[in-house]
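1. Let's see this in three dimensions:
(one chain, ligands or ions: 2)
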Amino acid sequence: MLTPDPFAPVPVEVVRLDADLPLPSYARPGDAGADLLTTVDVTLAPGERALVPTGIAIALPDGFVALVHPRSGLAARHGLSILNTPGTIDAGYRGEIKVLLINHDPTEAIELRRGDRIAQLVIQRFERAAFAEVRELPASVRGDGGYGSTGGFGHPTPRGDSS
Ligand SMILES: O=c1ccn([C@H]2C[C@H](O)[C@@H](COP(=O)(O)OP(=O)(O)OP(=O)(O)O)O2)c(=O)[nH]1
Ligand SMILES: [Mg+2]
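-> Ligands and ions are numbered 1, 2, ... in the order given. Down below sits the predicted model:
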């Protein structure tokens with residue numbers, strides 16, 4: 001039986017605004033994230049953020065979104081993250097993809113060089129909601145409990161006992 005290829009690639013048109021740097025690419029087969037590069041040298045002091053250009057602009061098919069995620073290795077080793085993680089690239093956006101990097105390390109600056117891999121782009125399908133106003137929402141087990149209503153690190157506390 002023919003099974004559909006779950007990894008059939010989604011066609012995405014790309015313009016290289018910086019012709020000397022390569023297209024985004026997947027480091028390993030099956031990876032979800034294609035690495036994005038910085039086109040500029042940038043130094044981030046502890047706590048500092050910067051909007052960093054990647055040199056690419058894309059056109060996603062309708063019904064798809066690209067999400068800009070941090071790279072875990074840079075986060076673990078250097079404290080580098082993305083302030084608005086994940087960044088949302090709308091299908092209709094034709095401008096340069098930029099990454100809002102932030103240095104969470106309390107003491108060390110982070111030095112990035114042009115061509116360094118700073119983030120990864122995950123392409124997904126998404127749903128659009130048809131918002132329908134109602135007077136009252138249907139009942140649910142959770143109700144309006146949130147923000148730790150099930151307890152802390154341990155097992156969830158029984159319902160009605162959030163102390
Ligand atoms: O990390 C990001 C996030 C966004 N964008 C671009 C693509 C996206 O389609 C557009 C708008 O992003 P968003 O909707 O998150 O920002 P906003 O503050 O709501 O801006 P707008 O009013 O333009 O929607 O900016 C990036 O290049 N990088
Ligand atoms: Mg917006």
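
2. which residue sits closest to whichever residue of the chain sits closest to ligand 1, ignoring its sequence neighbours?
-> Relative to ligand 1, the nearest point of the chain is residue 87 (2.1 Å; CB to the nearest ligand atom). For glycine as for every other residue, the C-beta is placed from the backbone atoms N, C-alpha and C. Nearest residue to residue 87, sequence neighbours excluded (CB to CB, 6 or more residues apart in numbering): residue 68, at 3.4 Å.

3. so who does residue 100 touch?
-> 49-52, 82-84, 87 (CB atoms under 8 Å, 6 or more residues apart in numbering).

4. scratch that, residue 74 is what I was asking about
-> Counted by CB under 8 Å, 6+ apart, residue 74 has contacts 80, 118.

5. Enumerate the positions of the host helix or strand of it that are buried.
-> Element membership for residue 74 (DSSP states H and E) is helix 72-78. Buried positions in helix 72-78, judged by neighbour count with 16 or more other CB atoms under 10 Å: 74, 78.

6. Same check on stretch 52-66?
-> Buried, per 16+ other CB under 10 Å, within stretch 52-66: 52-58, 60, 65-66.

7. Can you narrow these down to the ones near ligand 1?
-> Among those, not one lies near ligand 1 by CB under 6 Å from any ligand atom.

8. that older thread, could you save the contacts of residue 100 as a markdown table and add columns showing secondary structure?
-> Shown next, in a markdown table, are the contacts of residue 100 (DSSP: H, G, I helix; E, B strand; the rest coil):
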| residue | secondary structure |
| --- | --- |
| 49 | strand |
| 50 | strand |
| 51 | strand |
| 52 | strand |
| 82 | strand |
| 83 | coil |
| 84 | coil |
| 87 | strand |
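
9. buried subset of those residues?
-> By neighbour count, with 16+ other CB under 10 Å, these hold 49-50, 52, 82, 87 as buried.

10. Could you identify the most distant pair in these?
-> 50 and 87 (13.6 Å; CB to CB).

11. Please name every helix or strand in contact with the longest strand belonging to the chain.
-> Using DSSP state E, we find that the single longest strand of the chain is strand 117-125. Counting contacts by 3 or more CB pairs under 8 Å, 6 or more residues apart in numbering; DSSP states H and E, strand 117-125 is packed against strand 33-37, strand 64-69, strand 98-103.
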